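Visitor: need coordinates for the below:
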Amino acid sequence: MRSNHTWVTEFILLGFNVNADMELLLCVIFSLFFSFSLLANGMILGLIWLDTRLQTPMYFFLTHLAVLDLSYAANIVPNILVNLAKHEKTISFPSCITQMFFFLIFADTECFILMMMAYDRYVAICHPLQYTVIMSWRVCTALAVISWSCGVFLSLTHTLLLLRLPFCGPREINHTYCEVLAVLKLACADTSINEIVILSACVFILVGPLSFMLVSYTRILRAILKIQSGEGRRKAFSTCSSHLCVVGIYFGIAMLVYLNPNSDQLEEQQKVLAMFYGLFNPMLNPLIYSLRNAQVKSAFYKVLQKTRAT
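Guide: Residues are numbered from 1 along each chain as shown. The predicted structure follows:
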C-alpha cells in the first residue's frame, strides 16, 4: 500500500500571505527583533553571572528562562529570515522534524520553568524563614532537571508519533516554521491519535501548571496582605509582578493557539500568534524582568559604572 505513494522529501513553508516588498520589510523588522532578543537575553545571562547578588534560586530559574528564549529564537527565526529574503521557501523533511522537535522541547520546558518560578516566589513570601532550606541548590537543580526532562519526553513522544505517519503530499505547510499542528495536517493517514495526545499534553503542560500557579499566587496574595509595612508589601509585589506578566502573556497566547477549535478562518491569526514564541517572547521577557526588577537594574548600572571606570 505504502509503495504506491511518492514520499515527501521536503516541505514548502508558505509563511505570511503578503507581497514581496512586505516580505522584505518583515525581514528587516524581524532581524532587528532577533538581534535585540539575542542582546537582551545575553545581557540577562551576563548580569546574573557577574553579580553575586543575582546568584539566587529566583535568578537561577531566570537563567533557564533566558536560555530557553535564546534557543527559541535560534531554532526558528534564522530560517524565517531566509524564507522572507528569498522566493523559494523549502525545508527538507529531516530539518523540519528537527526544528519541530526542538521547538516542542523549549515550549514544554518553559511551561514547567515558569511553574517552578511561581513555586520559588511562594516559598520566598509564604515561608521566608525556611526559604534557604526548601529552595536549596540541590532542590533547584532537581526542579530544573525535571522541567527539562518533561520537555524532552513530551517532545519525543509527539515527534515519534508523527514519524510513524506517511507524508505523500501535499507538501505546503501553512505556517512560518514547522509547527506540529501545521505539519500534522499534511499526513496521509488518520491523525486522531496524534491529536488526542497533543490535546492531552496541552492540558498537562498548560492547564496543570496554570492551576498550580493560580493556587500559589492566591496564597502569596494572602501573605502579602498580612504584611504590616507598606514598603514590605511593595517589595513583595514587585518580586512577583514580572513573573505574572510573563505567565499571563505566555500561557494566554498558548491557549489561544492550541486549545482553540480548529478553524481555517483562524489559521492566519494563529500563525501570527505562534510567531510570538520565537520572536516576541524572547524580546519581551528580558524587558519585563529588567524594567520591573530593581536588582537587575542595579546590577546593570553597576556593570556600566565598572565599564566607564576602566
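Visitor: which residues are in contact with stretch 120-133?
Guide: Contact with stretch 120-133 is made by 57-58, 61, 134-135, 140, 216-217, 219-220, 223-224, 236, 239-240, 243, as judged by C-beta atoms under 8 Å, 6 or more residues apart in numbering. Placement of C-beta: from N, CA and C, glycine included.
Visitor: buried ones among these?
Guide: Buried by 16 or more other C-beta atoms under 10 Å: 57-58, 61, 135, 140, 216-217, 220, 223-224, 236, 239-240, 243, out of the contacts of stretch 120-133.
Visitor: can I get those residues in JSON lines with pLDDT, distance to residue 128 and secondary structure?
Guide: Output for the buried ones among the contacts of stretch 120-133, formatted as JSON lines (pLDDT from 0 to 100; distance: C-beta to C-beta, whole Å; DSSP: H, G, I helix; E, B strand; the rest coil):
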{"residue": "57", "pLDDT": "90", "distance to residue 128": "13", "secondary structure": "helix"}
{"residue": "58", "pLDDT": "87", "distance to residue 128": "13", "secondary structure": "helix"}
{"residue": "61", "pLDDT": "92", "distance to residue 128": "18", "secondary structure": "helix"}
{"residue": "135", "pLDDT": "93", "distance to residue 128": "11", "secondary structure": "coil"}
{"residue": "140", "pLDDT": "95", "distance to residue 128": "17", "secondary structure": "helix"}
{"residue": "216", "pLDDT": "90", "distance to residue 128": "15", "secondary structure": "helix"}
{"residue": "217", "pLDDT": "90", "distance to residue 128": "16", "secondary structure": "helix"}
{"residue": "220", "pLDDT": "89", "distance to residue 128": "12", "secondary structure": "helix"}
{"residue": "223", "pLDDT": "86", "distance to residue 128": "9", "secondary structure": "helix"}
{"residue": "224", "pLDDT": "85", "distance to residue 128": "12", "secondary structure": "helix"}
{"residue": "236", "pLDDT": "72", "distance to residue 128": "10", "secondary structure": "helix"}
{"residue": "239", "pLDDT": "72", "distance to residue 128": "11", "secondary structure": "helix"}
{"residue": "240", "pLDDT": "80", "distance to residue 128": "14", "secondary structure": "helix"}
{"residue": "243", "pLDDT": "82", "distance to residue 128": "17", "secondary structure": "helix"}
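Visitor: farthest pair within these?
Guide: Maximum pairwise distance among those (C-beta to C-beta): 23.1 Å, between 140 and 224.
Visitor: any low-confidence regions in this structure?
Guide: 1-6, 87-88, 259-267, 291-294, 300, 303-304, 306-310 (pLDDT under 70).
Visitor: top helix in it by residue count?
Guide: helix 93-126 (DSSP state H).
Visitor: before we move on, back to that, could I get the buried ones among the contacts of stretch 120-133 as JSON lines with distance to residue 274?
Guide: JSON lines is the format used below for the buried ones among the contacts of stretch 120-133 (distance: C-beta to C-beta, whole Å):
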{"residue": "57", "distance to residue 274": "31"}
{"residue": "58", "distance to residue 274": "29"}
{"residue": "61", "distance to residue 274": "25"}
{"residue": "135", "distance to residue 274": "34"}
{"residue": "140", "distance to residue 274": "31"}
{"residue": "216", "distance to residue 274": "28"}
{"residue": "217", "distance to residue 274": "27"}
{"residue": "220", "distance to residue 274": "31"}
{"residue": "223", "distance to residue 274": "37"}
{"residue": "224", "distance to residue 274": "35"}
{"residue": "236", "distance to residue 274": "35"}
{"residue": "239", "distance to residue 274": "31"}
{"residue": "240", "distance to residue 274": "28"}
{"residue": "243", "distance to residue 274": "23"}
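Visitor: quick one, helices of the stretch 101-250 of the chain?
Guide: Under the criterion DSSP state H, counting those that start in this stretch, helices of the stretch 101-250 of the chain are mapped to 131-134, 137-163, 180-184, 192-202, 208-225, 230-258.
Visitor: so which of the ones you listed is the most surrounded?
Guide: Of all the helices of the stretch 101-250 of the chain, helix 180-184 carries the top mean neighbour count, a mean of 20, counting by mean count of other C-beta atoms under 10 Å.
Visitor: contact partners of that one?
Guide: Under C-beta under 8 Å, 6+ apart, the answer for helix 180-184 is 11, 96, 100, 103-104, 158, 162, 165, 173-175, 191, 194-195, 198, 258, 262.
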